[in-house]
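*Asks:* sharing a sequence plus its predicted fold:
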Amino acid sequence: MPSTAAKFVPPVHLPTVESDTKPSLMPTPIPESNCNIVSKLLQGLIQPPQEQTRLNIADPELIKEILNKPDVFQKPLPETGKIIAGGIIFLEGEKWAKHRKIINPAFHLEKLKNMVPAMSLSCSNMIDKLKCMVSSTNEGWYEIDIWPYIEDLTGDLISRTAFGSNYEEGTKIFQLQRDKVKLTLEILKFSFIPGWRYVPTKTNRKVKAIANELHSLLRGIINKRQKALEMGVAIPGNDLLGVLMESNSRINQDHGNKNVGMSVEDIIEECKLFYIAGSETTSSLLVWTMVLLGQHPEWQTQAREEVNRVFGRAEPSYEDLNQLKIEVLRLYPPAPFIVRGSTETVKLGNLTIPKGVHLTLLIGLLHYDPKIWGDDAKEFRPQRFSEGVSNATNIQSSFVPFSAGPRVCIGQNFAMTEAKIALAMILKSFSFELSPSYLHSPFSVVTLTPQFGAPLILRNLESKSVY
Ligand code: HEM
């Protein structure tokens, strides 16, 4: 029995969610620590005085009103944001409605069921890797930063579920997309210099080369499937791309093959978006769940008992696991803020908002409000959701990790299914606790991530040397 692991007690200095710093749930568009001195000096010299009027909002009624008027409150995304991703998330009006209608079927529960084997395969591959590491020591436990493994898992899973039969290419696409995002964040540090992204710097050229490779890989996959569709050959219908292309071709057929659906370029952009929107967010949900379960062993045991009870049933329903996921999404919303801009002068509650105001909806603060959630708002208490979300508080529409209204996250069922499978498989295989080296620092650039990773002490539950 390993003495250190057996005696491990979370250190007293370990911050809990109660001491979570609110600023970390507030917008941090560019990480301070990543801004180099040159960029800061140049920013001071070049950036024109800030003229943008901004309003921070954490009131549930106002947030609901804003999200339910997508034509008036649109996404004021800067040009630079579009280097990271295109697709439906950036569209407005009729084009958005058309894409939403075509993409929707890919996320229907019926279709998601067909993706469960692919999701399980990705999870079991990760678990096998972790098991090997735990077994490689005689200690019966192994300390590991779980964060990169979770990031790889959600990337692998989206590659499998989006591109099924083209999984190898899908993996390559994921890697390219990841490199592109990393480099783009570098470029964004200089976004205050007009036209900076068009200057042929080494980084800009690299991003362009990656973007071209990405584009041609996706185009190759889509063209192959398009040809198969046109020739009436059955194309794999179990992946997101297959369902999306089927849905697109149905719309075209319904309109006498007049190409009213999405173009190949549109489909390419949507595929790229699946990676960004689908992997970063779900990895955030999974990693914070593991951190919280590492901190709350009683919940870990309860969740594991439930998994052992219902695992393997045709339609396993996980009550405790559901409450757990929802509480994690409340405390650590992967997208802690949503931004909108007013396109006209408009009434909002008692306020008159002029055209062109940027509104930041502070989802993180809304989820921590004691007036809504009670005095224990900052505590991890999944049982508050035992009667469902609507009974957890008197003030409705206060829980919006997936946004709300017509532009609510299209992938929420996908994300919840993925998280359920991953958590059930992890809980069955390992017990874990937070390592003393864990430093609590939720950090948001786009999604909420653990700034210094998530080191855990893992124990293989099937290993004889456990405890
Ligand atoms: C825990 C996981 C997830 C969270 C917390 C989350 C959260 C969100 C939020 C807050 C929005 C609204 C953004 C805005 O309007 O500014 C959004 C939109 C979106 N999400 Fe998710 N998301 C998750 C998983 C996924 C997954 C797995 C996919 C796809 C594979 C996905 C695809 C999308 C898309 C395409 C949109 C844009 C919808 C539209 O504009 O009509 N998301 N998500």
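*Replies:* Ah, there it is.

*Asks:* who does whichever strand or helix holds residue 94 touch, helix- and strand-wise?
*Replies:* According to DSSP states H and E, residue 94 maps onto helix 93-103. Counting contacts by 3 or more C-beta pairs under 8 Å, 6 or more residues apart in numbering; DSSP states H and E, helix 93-103 packs against helix 240-254, helix 264-295. In short, each C-beta sits where N, CA and C put it, glycine included.

*Asks:* so where do the strands sit in the protein?
*Replies:* For the chain, applying DSSP state E gives strands covering 54-57, 73-74, 141-145, 337-342, 346-348, 351-353, 358-362, 430-434, 442-444, 448-450, 455-460.

*Asks:* so how far is the third one off the chain centroid?
*Replies:* Average the C-alpha atoms of strand 141-145, do the same for its chain, and the two points are 24 Å apart (C-alpha atoms, centre = their mean, to the nearest Å).

*Asks:* tell me the strands beside that strand, with direction?
*Replies:* Using DSSP bridges, the strands paired with strand 141-145 are strand 455-460 (antiparallel).

*Asks:* tell me the angle the partner strand makes with helix 264-295.
*Replies:* 80 degrees (axes from the mean of the first three to the mean of the last three C-alpha atoms, to 10 degrees).

*Asks:* remind me which residues of this structure are low pLDDT?
*Replies:* 1-51, 77-84, 234-237, 314-316, 462-467 (pLDDT under 70).

*Asks:* around the ligand, which positions in this protein sit nearby?
*Replies:* Within reach of the ligand by C-beta under 6 Å from any ligand atom, the chain has these residues: 75, 88-89, 100, 273-274, 277-278, 281-282, 285, 334-335, 338, 401-403, 407, 409-411, 414-415.

*Asks:* emit the PyMOL select command for whichever of the residues you listed are buried.
*Replies:* For the buried members of the residues of the chain next to the ligand, the matching PyMOL selection, counting by 16 or more other C-beta atoms under 10 Å, is:
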select buried, resi 75+88+89+273+274+277+278+281+282+285+334+335+338+401+402+403+407+409+410+411+414+415
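
*Asks:* and for stretch 207-222, what are the contacting residues?
*Replies:* 83, 163, 166, 169, 172-173, 176-177, 179-180, 183-184, 187, 241, 245, 264, 267-268, 271-272 (C-beta atoms under 8 Å, 6 or more residues apart in numbering).

*Asks:* now the stretch 1-150 of the chain against the ligand: closest residue?
*Replies:* Per C-beta to the nearest ligand atom, residue 89 is where the stretch 1-150 of the chain lies closest to the ligand, at 4.2 Å.

*Asks:* contacting residues for the residue nearest to that residue when sequence neighbours are not counted?
*Replies:* Nearest-residue entry for residue 89: residue 273, 5.9 Å, with adjacent residues in sequence omitted and distances by C-beta to C-beta, 6 or more residues apart in numbering. Residues counted as contacts of residue 273 (C-beta under 8 Å, 6+ apart) are 85, 86, 87, 88, 89.

*Asks:* got JSON lines for the strands of the chain, with distance to residue 390 too?
*Replies:* Formatted as JSON lines, these follow (distance: least, C-beta to C-beta, whole Å):
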{"stretch": "strand 54-57", "distance to residue 390": "22"}
{"stretch": "strand 73-74", "distance to residue 390": "24"}
{"stretch": "strand 141-145", "distance to residue 390": "37"}
{"stretch": "strand 337-342", "distance to residue 390": "21"}
{"stretch": "strand 346-348", "distance to residue 390": "24"}
{"stretch": "strand 351-353", "distance to residue 390": "27"}
{"stretch": "strand 358-362", "distance to residue 390": "20"}
{"stretch": "strand 430-434", "distance to residue 390": "32"}
{"stretch": "strand 442-444", "distance to residue 390": "27"}
{"stretch": "strand 448-450", "distance to residue 390": "24"}
{"stretch": "strand 455-460", "distance to residue 390": "34"}
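
*Asks:* who wins for proximity to residue 111 among those?
*Replies:* With C-beta to C-beta, the closest approach to residue 111 among the strands of the chain belongs to strand 337-342: 26.5 Å.

*Asks:* for that closest one, C-alpha coordinates in PDB please.
*Replies:* As requested, the backbone C-alpha atoms of strand 337-342 are provided in PDB (Å, rounded to 0.1, in the frame of the first residue of the first chain):
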ATOM      1  CA  PHE A 337     -19.700  34.600 -21.300                       C
ATOM      2  CA  ILE A 338     -21.700  35.300 -24.500                       C
ATOM      3  CA  VAL A 339     -21.400  38.500 -26.500                       C
ATOM      4  CA  ARG A 340     -24.000  40.300 -28.500                       C
ATOM      5  CA  GLY A 341     -24.300  43.700 -30.100                       C
ATOM      6  CA  SER A 342     -27.400  45.900 -30.600                       C
END
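
*Asks:* partners of that strand, with directions?
*Replies:* strand 73-74 (antiparallel), strand 358-362 (antiparallel).

*Asks:* point out the most buried one among the ones you listed.
*Replies:* Of all the strands paired with strand 337-342, strand 73-74 has the most neighbours on average by mean count of other C-beta atoms under 10 Å, namely a mean of 22.

*Asks:* tell me how far that strand is from the chain's mean position?
*Replies:* Worked out by C-alpha atoms, centre = their mean, strand 73-74 lies 22 Å from the chain centre.

*Asks:* what of stretch 127-142?
*Replies:* The chain centre lies 28 Å from the centre of stretch 127-142; the measure is C-alpha atoms, centre = their mean.

*Asks:* hang on, the earlier thing: isn't the residue of the stretch 1-150 of the chain closest to the ligand right up against residue 278?
*Replies:* No: if you go by C-beta atoms under 8 Å, residue 89 and residue 278 don't touch, sitting 11.3 Å apart.

*Asks:* got the contact list for the closest residue to residue 114 other than its chain neighbours?
*Replies:* Nearest residue to residue 114 in three dimensions, chain neighbours excluded: residue 238, at 4.4 Å (C-beta to C-beta, 6+ apart). Residue 238 makes contact with 114, 115, 118, 164, according to C-beta under 8 Å, 6+ apart.

*Asks:* same question, residue 375
*Replies:* For residue 375, the contact set (C-beta under 8 Å, 6+ apart) is empty.

*Asks:* any idea how far it lies from the ligand?
*Replies:* 26 Å (C-beta to the nearest ligand atom, to the nearest Å).

*Asks:* with just CA atoms, put stretch 298-318 into PDB.
*Replies:* Taking C-alpha atoms only, stretch 298-318 is exported to PDB below (Å, rounded to 0.1, in the frame of the first residue of the first chain):
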ATOM      1  CA  GLU A 298     -18.400  11.000  -1.400                       C
ATOM      2  CA  TRP A 299     -19.800  12.100  -4.800                       C
ATOM      3  CA  GLN A 300     -17.300  10.100  -6.700                       C
ATOM      4  CA  THR A 301     -18.300   7.000  -4.700                       C
ATOM      5  CA  GLN A 302     -22.000   7.700  -5.200                       C
ATOM      6  CA  ALA A 303     -21.600   8.300  -9.000                       C
ATOM      7  CA  ARG A 304     -19.500   5.100  -9.300                       C
ATOM      8  CA  GLU A 305     -22.100   3.000  -7.500                       C
ATOM      9  CA  GLU A 306     -24.800   4.300  -9.900                       C
ATOM     10  CA  VAL A 307     -22.600   3.500 -12.900                       C
ATOM     11  CA  ASN A 308     -22.000   0.000 -11.600                       C
ATOM     12  CA  ARG A 309     -25.700  -0.500 -11.000                       C
ATOM     13  CA  VAL A 310     -27.000   0.600 -14.400                       C
ATOM     14  CA  PHE A 311     -24.000   0.100 -16.700                       C
ATOM     15  CA  GLY A 312     -24.600  -2.200 -19.700                       C
ATOM     16  CA  ARG A 313     -28.400  -1.700 -19.700                       C
ATOM     17  CA  ALA A 314     -29.900  -0.900 -23.100                       C
ATOM     18  CA  GLU A 315     -30.900   2.600 -22.100                       C
ATOM     19  CA  PRO A 316     -29.000   3.400 -18.900                       C
ATOM     20  CA  SER A 317     -30.400   6.400 -17.100                       C
ATOM     21  CA  TYR A 318     -28.000   8.000 -14.800                       C
END
